[in-house]
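Enquirer: Below: sequence and its predicted model.
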2 protein chains.
Amino acid sequence: MSGTIRIKDIAKMAQVSPGTVDRVIHKRGEVSEESYKKVMSILEKTGYKPNLIARSLGNLKKFQVVALLPNATQDEYWKMALEGVQKAAGDWSQYGIGVKTLFFDMYDKSSFKKSFKAAIKLEPDGILTAPIFYHEALDFFKICKSKQIPFAVVNNNIPTAGSLTFIGQNLYESGILGAELLHIDQRKSGTYAILHIYDDIHNSVHFSEKEKGFKDYFKNIKTEKCNVLSVDLNLSHAATLEKELNQLLNDPDLKGVMVTTSKGASIVCKLLEKHGKNGIRMVAYDLLEQNISYLKKGIIDFLINQNPKRQTLTGIEHLANYLIFKKELASSYLFPLEIITRSNLRSHQDWMNQ
Amino acid sequence: MSGTIRIKDIAKMAQVSPGTVDRVIHKRGEVSEESYKKVMSILEKTGYKPNLIARSLGNLKKFQVVALLPNATQDEYWKMALEGVQKAAGDWSQYGIGVKTLFFDMYDKSSFKKSFKAAIKLEPDGILTAPIFYHEALDFFKICKSKQIPFAVVNNNIPTAGSLTFIGQNLYESGILGAELLHIDQRKSGTYAILHIYDDIHNSVHFSEKEKGFKDYFKNIKTEKCNVLSVDLNLSHAATLEKELNQLLNDPDLKGVMVTTSKGASIVCKLLEKHGKNGIRMVAYDLLEQNISYLKKGIIDFLINQNPKRQTLTGIEHLANYLIFKKELASSYLFPLEIITRSNLRSHQDWMNQ
DNA sequence: CTGAAAGCGCTAACAC
DNA sequence: GTGTTAGCGCTTTCAG
């Protein structure tokens, strides 16, 4: 009676049949201009919103979506991302969404290529992936578009690629935040460093955005003289690596370090633990086991949580909404930049696990 | 075909009709023991899960829920809470959830009583409220239970009251976090204060939990001597108030203040701005206009976001899920303790508004 | 005690 | 071009 308007009601008001209203709503054509206009104006006037529950019920197809992610055994971050996919898969299975996960080696572009070919071969109705290899991802997306397979993107965005939606964080602002957390309320002049310690290939886009933000923060600091250091180190040269790091950490001017990779963080933490913190503030990324343990010990002062699990969870959820309910999606959903300390760690962990 | 099993399938396997299966599922009785057992065993064997979408469609009743909140014009915090209710109301109206909001004066217990009587009189199918007056809320909940009206609770919990669910934060941990943010990495001995500046009546539970956490944090600090001050001030005695605050802020030992009320925060900020910050760290609550402006100016260093909008949004959402889908709810959903600084403010605001 | 059948709002196939 | 109708899975009513 009150409130909700149904297609039937619209039809009556426009003096047409429900079928015609449906055709207008879905722009399926085969409607006279006159009817179209009449229905349209009533839709707008009444602010009609479809009952998504009913819509999906009438439709109940089976959908196959593929999640294409870095190997979860290689990296704890991606293990968390996988958990998100699995949780989402459980949540949506009863609505006919099947999720198949494919993996690739995060240090091997050719492995990504192989996997994305496998993904395409499955002819899924939707794809979720993390485009950590820029050019290869673009190739992949081109194929997706030609095959009309909608794809959602997590972790890092490639704005021009034409994805259905992006779920992640603003990496530039993340860099700014990291810088602020090193500097805040210390108001100290001195050296602040951002470290990229990577295995072999590195995900340049991801790093450079954060680095830009980091540097820009200090550009705007006029009250003290802050020296900004950006250091790229390669894990495979263990000897040089440790020498360089020791040199850096022994610099009495060093006031803070932000480390962008998980392996890097654990190395720096170990060294800091050995040398003593000496008032060097440290920021790292994500609720990884190692990071958490060093946060509790007070070696790491702040973690910035990228919430990989929620990223993939939301990604699958959005894909499901798109496929089942034909819900329209925003081009990006930017997660808030979450600051984790010892005291709010538990509340974030609990939240993530419920 | 594959995967999902329908009631129809169960019926066929048990050689009964869909109606009988439904009666078993809902324990509506009127089923012979024999049929009951047969159906039950098949339900378990197959791990049947109902299609919630279809269930709700077949049910589509109209539900009335009442949100009973402090007056939004009195307080920006509750204005944000109201926005959450309104957004949720819009989201769920098409599914037959009608939301009516009633208000009460947050400084007047009798006004709460009057409002909750009005709420009961509406005979709603569900209630959402913030039990800021402890005893009065208990009375209210007793009535709700006797009338079998399920109620969800936001802001602060009364664990024994038998609510459907609680949505909010752990206030004790919130106090710990506030203390940590004042102290972290300063590693300074000195005075740390928690201020409760209230109008007339104050919500003792809410405050005391935070205060307990605040004090306990410093109890565990062994490395420095930290002096903890807990100050209750009454807004209505303006002269005394300002004198006391001035005295506090001029104490050279003072290293940090946490203010638990919005009006208190803006007063302290004004004084700090006048006197100069002098390295006094300040923490306050929530993304209120005043707080945000002082955060940007650097008077406030950290805000702890209680996310009132999302609390009520989630509250209504859970009620809706309970009423429409008969989804079971957890007894509490504890939001993460969100730390806001200048640099991640925008990302949180954006997230909240999408 | 049980089965058959209608109907929730929407979509798509099929008549006209 | 347009209207009619069957049916998605579940609930509920009504016969039997």
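Expert: Received it, and whenever you're ready, just let me know what you need.

Enquirer: need the contact list for the residue most central in space within chain A.
Expert: For chain A, the residue sitting closest to the mean C-alpha position, by CA atoms, centre = their mean, is A:Gly168 at 2.7 Å. The neighbours of A:Gly168, taking CB atoms under 8 Å, 6 or more residues apart in numbering or on different chains as the test, are A:153-157, A:306, A:311, A:332-335. For every residue, glycine as well, the C-beta is placed using N, CA and C.

Enquirer: which of those tops the neighbour count?
Expert: Ranked by the number of neighbours (other CB atoms under 10 Å in any protein chain shown), those place A:Val154 first, at 30 neighbours.

Enquirer: Give me the mean pLDDT for the helix or strand harbouring that one.
Expert: Assigned by DSSP states H and E, A:Val154 belongs to strand A:151-155. Averaging pLDDT along strand A:151-155 yields 97.

Enquirer: cool, stretch A:324-331 as well?
Expert: 84.

Enquirer: got the buried residues for it?
Expert: A:324-325, A:329 (16 or more other CB atoms under 10 Å in any protein chain shown).

Enquirer: Name the nearest of those residues relative to chain B.
Expert: Chain B has its nearest neighbour among the buried residues of stretch A:324-331 in A:Ile324, at 8.7 Å by CB to the nearest CB.

Enquirer: where does that closest one fall, helix, sheet strand or coil?
Expert: The local conformation at A:Ile324, judged by DSSP: H, G, I helix; E, B strand; the rest coil, is helix.

Enquirer: hmm, back to that, JSON lines for the contacts of A:Gly168, including distance to DNA strand C?
Expert: As requested, the contacts of A:Gly168 are exported to JSON lines (distance: CB to the nearest atom of the strand, whole Å):
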{"residue": "A:Val153", "distance to DNA strand C": "26"}
{"residue": "A:Val154", "distance to DNA strand C": "28"}
{"residue": "A:Asn155", "distance to DNA strand C": "32"}
{"residue": "A:Asn156", "distance to DNA strand C": "34"}
{"residue": "A:Asn157", "distance to DNA strand C": "30"}
{"residue": "A:Gln306", "distance to DNA strand C": "36"}
{"residue": "A:Gln311", "distance to DNA strand C": "29"}
{"residue": "A:Ser332", "distance to DNA strand C": "26"}
{"residue": "A:Tyr333", "distance to DNA strand C": "24"}
{"residue": "A:Leu334", "distance to DNA strand C": "29"}
{"residue": "A:Phe335", "distance to DNA strand C": "30"}
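
Enquirer: Go back to those residues and keep what's next to chain B.
Expert: Counting by CB under 8 Å from any CB of the partner chain, the subset of the contacts of A:Gly168 that neighbours chain B consists of A:333-335.

Enquirer: could the residues you listed be laid out in JSON lines, adding secondary structure?
Expert: Putting the ones next to chain B among the contacts of A:Gly168 into JSON lines (three-state DSSP) gives the following:
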{"residue": "A:Tyr333", "secondary structure": "strand"}
{"residue": "A:Leu334", "secondary structure": "strand"}
{"residue": "A:Phe335", "secondary structure": "coil"}
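
Enquirer: What's the separation between A:Gln143 and A:Glu123?
Expert: If you look again at residue A:143, you'll see it is Ile, not Gln. Distance, A:Ile143 to A:Glu123, by CB to CB, to the nearest Å: 12 Å.

Enquirer: So the closest residue to DNA strand D within the stretch 201-350 of chain A versus B:Leu313, what's the distance?
Expert: Closest residue of the stretch 201-350 of chain A to DNA strand D, CB to the nearest atom of the strand: A:Ile324 (12.2 Å). A:Ile324 sits 22 Å away from B:Leu313, going by CB to CB.

Enquirer: Check A:Ile167 too.
Expert: According to CB to CB, A:Ile167 and B:Leu313 sit 19 Å apart.

Enquirer: Report the strands that pair with the strand holding A:Val154, each with its relative direction.
Expert: In the sheet, strand A:151-155 lines up against strand A:126-129 (parallel), strand A:165-168 (parallel) (DSSP bridges).

Enquirer: Now do the same contact list for A:Trp234.
Expert: Residue A:234: Asn, not Trp. Residues near A:Asn234 by CB under 8 Å, 6+ apart: A:197-200, A:240-241.

Enquirer: if we can go back for a sec, got the contact list for the residue of the stretch 201-350 of chain A closest to DNA strand D?
Expert: By CB under 8 Å, 6+ apart, the contact list for A:Ile324 reads A:56, A:59, A:63, A:95-97.

Enquirer: Could you tell me which residues of chain A lie near DNA strand D?
Expert: Residues of chain A lying near DNA strand D by CB under 7 Å from any atom of the strand: A:15-20, A:23, A:30-32, A:34-36, A:57-58, A:60.

Enquirer: Just to be sure, A:Ser110 is in a helix?
Expert: Yes. Under three-state DSSP, A:Ser110 falls within a helix.

Enquirer: Show me how the record splits chain A into domains.
Expert: Annotated domains of chain A cover A:7-50, A:63-169+A:308-335, A:171-305 [automatic domain parsing].

Enquirer: What residues sit buried inside stretch A:56-65?
Expert: Using 16+ other CB under 10 Å as the test for burial, stretch A:56-65 gives A:56-57, A:63-65.

Enquirer: What of stretch A:148-167?
Expert: Quick answer for stretch A:148-167 (16+ other CB under 10 Å): A:149-157, A:161, A:163-167.

Enquirer: residue ranges of the helices in chain A, please?
Expert: Along chain A, counting by DSSP state H, helices occupy A:7-14, A:18-25, A:33-46, A:52-57, A:76-93, A:109-121, A:134-146, A:171-183, A:204-219, A:238-250, A:262-275, A:289-297, A:308-325, A:342-352.

Enquirer: closest to A:Val228 out of these?
Expert: helix A:204-219 (4.9 Å; CB to CB).

Enquirer: The closest one vs chain B: in contact?
Expert: Yes. Judged by CB under 8 Å from any CB, helix A:204-219 comes into contact with chain B at A:Tyr217.

Enquirer: So which residues lie in contact with that helix, not counting its own?
Expert: Against helix A:204-219 from outside (CB under 8 Å, 6+ apart): A:132, A:134, A:155-156, A:158, A:171-180, A:183, A:192, A:194, A:196, A:226, A:228, A:230, A:258, A:260, B:343.

Enquirer: is it true that A:Ala320 touches A:Ser93?
Expert: No. Applying CB atoms under 8 Å as the test, A:Ala320 and A:Ser93 come out as separate, 10.2 Å apart.

Enquirer: which of those two has more neighbours?
Expert: A:Ala320 (23 against 14).

Enquirer: Could you check the pLDDT of the more buried one?
Expert: For A:Ala320, the model assigns a pLDDT of 90.

Enquirer: got it, and A:Ser204?
Expert: Predicted confidence (pLDDT) at A:Ser204: the value is 63.

Enquirer: With that, I have no additional questions.
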